[in-house]
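Asks: What shape does this take:
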Amino acid sequence: MRRPHRAPAVLATTAALLAAALALTGCSPAPGAPGSGSTSSATAGTALAVTGPQVTRILTSLGQVRPEALDARYAGAELEVRRAALAVREQVPTSPEPPSLAGERLLSAVPPRGPWPRWFLTAVQPGGSAVPQVVVLVQDGPRQPYRAVASAAVLPGASLPQLAAGGGAAEPLRADAPGLVTTPAQAVAGYADVLTRGADAPAAAGLAEDPLRAQVLSEQQAEREGVSRYVDYSAAHAPRDGALWALRTTDGGALVVGVLSGRRTFTPRGVGVSQSLPPDLAALAGTSSAPHGLEVSTAEVVVLRVPTTGQVALVAGQRGTTGVTVR
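Replies: Sure thing, here's the model as predicted:
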């Protein structure tokens, strides 16, 4: 079987070009607005979920987490992908490391203080030539730390929209927020359906082409064709419950972050058909062969720009393997 990539190669580009794209398209707003790198400028009466100095401390702590203590600062899909990647590296030292989430802060968008769970969004520029990362951090309760639950690499040539601010606070949107070409929840569900059914998905016509979508569909088609003689193959993607965060943009649209769960299933059609696993999947499965089939689980983080009219567009995305089950 064909070995899946943990992150699309097309996302690789120079950090300088992406940083320039961010600066030129409204991701360096005026001081005091979300995206200025500061969240401490809220006017009286607008209490932020987390203050600017706290954001700095949280992000510093995020960059100092030891591999054996990932759950101290990571949760959800982010924790699953990082644990899997580290498990693979123990067996395959040449496999890629998870992207760093430490570095220069390009923007921070913090909603007003509200009930838990509380969250905020940031974008960071790791050192070297690493690609800028959009990160969502969540605090489950007052005694819990903020932990990164989703991250995605900004796509080549893409830019993050400028975010609306009220009293220095970013404006969060409900999953069913009206006034957009599609609701935030529908946008994420539509993207998942396109990854599952390609051009046959109803949402395909309203979704701009992007390299993550192209690569996932291409890999799935290659896997399907590669095993079709002896193995039944299926691939499906669906939004994760409780893993959607949306913010209003200054043009009336929305920036939406969602997490998808992907599953690719290989089922032999006859007795005696056994699949050999590539090293990365073997490291997660704990075996080098799958005599009765297997399932490969992934997590896809998508950052979508949802306008009031026109097409939904992916501006950042990340894909990672989270587990392998051998039957």
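
Asks: beta partners for the nearest residue to Val306 once chain neighbours are set aside?
Replies: Excluding the flanking residues, the one nearest Val306 by CB to CB, 6 or more residues apart in numbering is Ala254, at 4.5 Å. The way it works is simple: take the backbone N, C-alpha and C, and place the C-beta from them, glycine included. Counting by DSSP bridges, Ala254 is bridged to Arg248, Val306.

Asks: Output the below-cut-off pLDDT ranges for the chain.
Replies: 1-45 (pLDDT under 70).

Asks: Could you pull out the strands in it for me?
Replies: 104-109, 118-125, 133-139, 147-154, 165-166, 169-170, 231-248, 254-268, 275-276, 289-290, 294-306, 313-326 (DSSP state E).

Asks: Centre of the chain to the fourth one, how far?
Replies: To tie it back to what came earlier, the one meant is strand 147-154. 5 Å (CA atoms, centre = their mean, to the nearest Å).

Asks: So what touches that strand?
Replies: The contact list for strand 147-154 (CB atoms under 8 Å, 6 or more residues apart in numbering) reads 7, 11, 18, 21-22, 62, 71-79, 99, 101, 123, 131-139, 160, 243, 245, 257, 259, 301-303, 315-318.

Asks: and of the strands of the chain, who's closest to Ala222?
Replies: strand 231-248 (10.5 Å; CB to CB).

Asks: got CSV for the strands of the chain, with distance to Leu180 too?
Replies: As requested, the strands of the chain are arranged in CSV below (distance: least, CB to CB, whole Å):
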stretch, distance to Leu180
strand 104-109, 18
strand 118-125, 18
strand 133-139, 19
strand 147-154, 20
strand 165-166, 18
strand 169-170, 17
strand 231-248, 9
strand 254-268, 6
strand 275-276, 43
strand 289-290, 43
strand 294-306, 5
strand 313-326, 13
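
Asks: Mind putting these into JSON lines with distance to Gln221 and mean neighbour count?
Replies: Shown next, in JSON lines, are the strands of the chain (distance: least, CB to CB, whole Å; neighbours: other CB atoms under 10 Å):
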{"stretch": "strand 104-109", "distance to Gln221": "35", "mean neighbour count": "22"}
{"stretch": "strand 118-125", "distance to Gln221": "32", "mean neighbour count": "24"}
{"stretch": "strand 133-139", "distance to Gln221": "28", "mean neighbour count": "24"}
{"stretch": "strand 147-154", "distance to Gln221": "23", "mean neighbour count": "26"}
{"stretch": "strand 165-166", "distance to Gln221": "43", "mean neighbour count": "20"}
{"stretch": "strand 169-170", "distance to Gln221": "39", "mean neighbour count": "26"}
{"stretch": "strand 231-248", "distance to Gln221": "9", "mean neighbour count": "19"}
{"stretch": "strand 254-268", "distance to Gln221": "12", "mean neighbour count": "23"}
{"stretch": "strand 275-276", "distance to Gln221": "18", "mean neighbour count": "14"}
{"stretch": "strand 289-290", "distance to Gln221": "21", "mean neighbour count": "18"}
{"stretch": "strand 294-306", "distance to Gln221": "15", "mean neighbour count": "24"}
{"stretch": "strand 313-326", "distance to Gln221": "16", "mean neighbour count": "22"}
